[in-house]
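[1] Curious how this folds, go ahead:
(one chain, ligands or ions: 1)
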Amino acid sequence: MQGLKSVRDTDVQGKRVLVRVDFNVPFNEALEIVDDSRIRSAIPTLNYLHEKGAAKIILLTHVGRPEGKEIDALKIAPIAKHLQSLVSFPEIELRENLRFDPREEKNDGVFAKELAALGDVYVNEAFSASHRADTSIVGIPKLLPSYAGLRFEEEVEHISAALTPPQPALAIVGGAKFETKQPLLEKLLSQYSEVLLGGALANDLLKARGLPVGASLISAEGVPAGLAQNTKLGTPVDVVVALGSAARATNTGDVRQAERIVDIGDRTTLAWSKKINNASFVLWNGPTGIYEQGFTKATQVLAQALVQSSCKALIGGGDTAAALSNFSFDPSRIFVSTGGGAMLQLLADGTLPGIEALKGSAV
Ligand code: 3PG
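    Residues are numbered from 1 along each chain as shown. Predicted coordinates for the structure are as follows:
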């Protein structure tokens, strides 16, 4: 991307390098890290800085949403321990959760100065947090020469390229809040052969097309008629519905009043798998079902179809990435973004607060 300086463009020999990482990783109840891919994604940059002779590598991250208060379960100790198993050089230091300080989420000038004073050079290796205009993302680059990390660059490259994909290109978008995704969907419809909707987004479109959605999650604002009529926007032909703890499969036209749509059905999964197989490029963000309630089957089947196909793909969002992590695949064919919200925002807006901050950095 033009105007984005790379960490490779600067000499870090003997310097203190402040690296904003996104080690906001999922934990289980025993405070064990469930998925360390965000930590691993920063390692090439850390190794690079070490090899180039940085005097100190100071890592800044947020963890969770403590809202300015110190919360034991969100301390960085387990992450720091895990990091030690991945990098062994002594000049590295991971500082405590940035969001324990209420100034982090306020782009506070004084806090930015305090953080900037820790380093001589700043590197953003937190692509997945770069849609947040937080102090450590947009404030520090005003004060220090600032550069994109190696993974950050890769993310921007892959996601920007997905806006002019090889054809036929297929997009699958899950999740909720139609109104927030509408600009992105409109953009994708102009570039992709087909855009398939899963999750609660599909409920909104089914409703707008006059089909019953029972007690399913829907957005308050509804889908504009012009968009609902767009034939490139695809919805499931069958779904899994739940009523209490019972679930059944049914055609989309037969959802009963008290039932909730919880995933796409088998016929839809098969049809979408074939579409994946016929596509040259697939962009996929968001599971098709309510993942956290265990409705993961269709997402897993689609992930398998993707792995078995030969298309190029860009994947984003924690649950979608988790479905992919059950399979082995060539990462140069299927790029799994570390970002969920950041990926969607970059696709929709063509930039992020963290990218703009690097472009306008102090040097
Ligand atoms: C994420 O997990 O998407 C990033 O770390 C940003 O976290 P946030 O949504 O709490 O700002």
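[2] Spatially, what comes nearest to residue 73 if we skip its sequence neighbours?
    Residue nearest to residue 73 in three dimensions, not counting chain neighbours: residue 31, with 6.7 Å by CB to CB, 6 or more residues apart in numbering. In this view, the C-beta of every residue, glycine as well, is placed from N, C-alpha and C.
[3] Surely the one you found touches residue 71?
    No - counting by CB atoms under 8 Å, residue 31 sits too far from residue 71 to count as a contact (11.9 Å).
[4] List, one by one, the residues from the stretch 201-350 of the chain near the ligand.
    340-341 (CB under 6 Å from any ligand atom).
[5] how about the helices of the stretch 201-350 of the chain, start to end?
    Secondary structure of the stretch 201-350 of the chain (DSSP state H, counting those that start in this stretch): helices at 225-228, 266-278, 297-308, 318-324, 341-349.
[6] Give me the phi and psi for the residue of the chain found nearest the ligand.
    Residue nearest to the ligand within the chain (CB to the nearest ligand atom): residue 24, separated by 3.6 Å. When read as degrees, to the nearest 10, the backbone of residue 24 gives phi -80, psi 80.
[7] Count the residues that sit near it.
    Number of residues near residue 24 (other CB atoms under 10 Å) recorded here: 19.
[8] Adding mean pLDDT and mean neighbour count, write the helices of the stretch 201-350 of the chain out as TSV.
    Below are these laid out as TSV (pLDDT from 0 to 100; neighbours: other CB atoms under 10 Å):
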stretch	mean pLDDT	mean neighbour count
helix 225-228	93	12
helix 266-278	98	17
helix 297-308	97	20
helix 318-324	90	22
helix 341-349	95	21
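[9] Least confident secondary structure element in this structure?
    Lowest by mean pLDDT, DSSP states H and E among the helices and strands of the chain is helix 318-324, with a mean of 90.
[10] helices or strands up against that one?
    Applying 3 or more CB pairs under 8 Å, 6 or more residues apart in numbering; DSSP states H and E, one finds that helix 318-324 contacts helix 297-308, strand 334-336.
[11] Out of these, which gets nearest to residue 120?
    Residue 120 lies closest to strand 334-336 among these, at 32.1 Å (CB to CB).
[12] neighbouring contacts of the closest one?
    Among residues not part of strand 334-336, those counted as contacts by CB atoms under 8 Å, 6 or more residues apart in numbering are 37, 154, 158, 306-307, 312-316, 321, 324.
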